[in-house]
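[1] turn this into a structure:
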Amino acid sequence: MRSTRHVQKILQNYETDNPGVKGNLCRILMNGKLGGTGKLIILPVDQGFEHGPARSFAPNPASYDPHYHYKLAINAGLNAFAAPLGMIEAGADTFAGQIPTILKVNSANSLIPKETPKTQAITACVDDALRLGCSAIGFTIYPGSSMALEMFSEISAMREEAAAKGIPTVIWSYPRGEALDKAGETAADISSYAAQIAALLGAHIIKVKLSSDQLSLSEAKKVYEDEGIDISSQAARVKDVMKSALNGRRIVVFSGGSKKGIESVYDDARAIRDGGGNGSIIGRNSFQRNYPDALEMLNNLIEIYKGKA
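    Sure thing, here's the model as predicted:
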């Protein structure tokens with residue numbers, strides 16, 4: 001498999017990484033129907049841990065089966081499939097080599113008391129990723145939580161180990177915790193801050209939420225207004241996030257969130273594309289639809305990222 005100029009240009013941004021890390025990034029970037037374009041669609045299925053099985057899979061009972069998700073990601077021609085340890089293990093042999101996988105190495109759940117500081121437990125390790133043939137590890141951080149500094153320390157150590165063993169790191173950077181209200185979690189300045197933190201922690205791929213046009217931090221709000229930083233459209237806010245991801249030198253994918261109308265999913269993808277984002281990491285909006293509808297939606301998203309829709 002020969003990489004394209006688009007992919008080679010992206011890999012050049014990772015100046016200190018070894019051939020193992022770059023090789024695995026290349027596998028993700030070259031896989032599927034968007035392979036070689038520099039755009040990505042990743043299927044994440046960590047919601048059963050986070051939200052529980054009924055909320056995650058009951059809308060489409062076939063999705064209780066881990067093999068369903070492997071098949072969906074493979075047959076839709078996606079770049080990668082991301083999930084916690086048990087789900088990756090459940091299909092690692094059957095689908096070995098058929099799609100790049102990302103092992104989610106920390107997780108939270110909805111059974112923790114709401115007053116507990118926001119954090120996640122480490123639930124897998126770098127050696128698990130190697131054993132299962134994964135192309136990357138994934139780790140969530142919560143900027144805004146009183147536990148954020150501890151999470152930063154955890155991923156710094158794990159990222160160092162992973163890189164030494166040729167494994168890239170994907171950071172889910174989700175602002176959440178005592179320092180933020182609900183609106184602040186997706187405010188434009190906070191989302192860009194979250195991307196910057198992930199980049200500075202050494203993330204090879206950054207996952208953030210699409211942001212609103214709200215500004216949360218008074219000091220940042222003044223700068224946005226004084227400097228005329230455009231956050232009037234979703235595409236403009238994506239562009240702002242990309243600037244915060246080392247001026248686009250790091251791959252950024254945007255999460256799909258809870259299930260919503262199909263046209264809203266397409267509008268989000270067009271905004272990500274037009275703002276210079278690298279793509280979508282879209283879970284519930286994929287697997288909570290029945291299989292034919294999910295395949296059709298994912299194919300249409302691929303066409304959007306190719307600039308054909």
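[2] in contact with the residue nearest the centre of the chain, which residues are there?
    By C-alpha atoms, centre = their mean, the mean C-alpha position of the chain lies nearest to K207, the distance being 3.4 Å. Neighbour list for K207: 138, 170-173, 252-255, 281 [criterion: C-beta atoms under 8 Å, 6 or more residues apart in numbering]. Using the backbone N, CA and C atoms, a C-beta is placed for each residue, glycine as well.
[3] which element is I137 on?
    Taking DSSP states H and E as the definition, I137 sits inside strand 136-141.
[4] next SSE after the helix or strand containing I155?
    Counting by DSSP H and E, the element that carries I155 is helix 148-164. Next helix or strand after helix 148-164 toward the C-terminus (DSSP H and E): strand 169-173.
[5] show me what that following strand is packed against.
    strand 136-141, helix 148-164, helix 188-200, strand 205-209 (3 or more C-beta pairs under 8 Å, 6 or more residues apart in numbering; DSSP states H and E).
[6] give me that answer again for 6 Å
    strand 136-141, helix 188-200, strand 205-209 (3 or more C-beta pairs under 6 Å, 6 or more residues apart in numbering; DSSP states H and E).
[7] okay if I get these as a markdown table plus mean pLDDT and distance to S56?
    Formatted as a markdown table, these follow (pLDDT from 0 to 100; distance: least, C-beta to C-beta, whole Å):
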| stretch | mean pLDDT | distance to S56 |
| --- | --- | --- |
| strand 136-141 | 98 | 16 |
| helix 188-200 | 98 | 24 |
| strand 205-209 | 98 | 18 |
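[8] and the worst-scoring helix or strand of the chain on mean pLDDT, how far out from the chain's middle?
    Lowest on mean pLDDT, DSSP states H and E among the helices and strands of the chain sits helix 47-51, with a mean of 93. Distance of helix 47-51 from the chain centroid (C-alpha atoms, centre = their mean, to the nearest Å) equals 15 Å.
[9] name the residues that touch that helix?
    56, 84, 107, 109-110, 283 (C-beta atoms under 6 Å, 6 or more residues apart in numbering).
[10] give me that answer again for 10 Å
    Residues from elsewhere that reach helix 47-51 (C-beta atoms under 10 Å, 6 or more residues apart in numbering): 53-57, 63-64, 66, 83-87, 104, 106-110, 120-121, 123, 140, 258, 283-284, 287-288.
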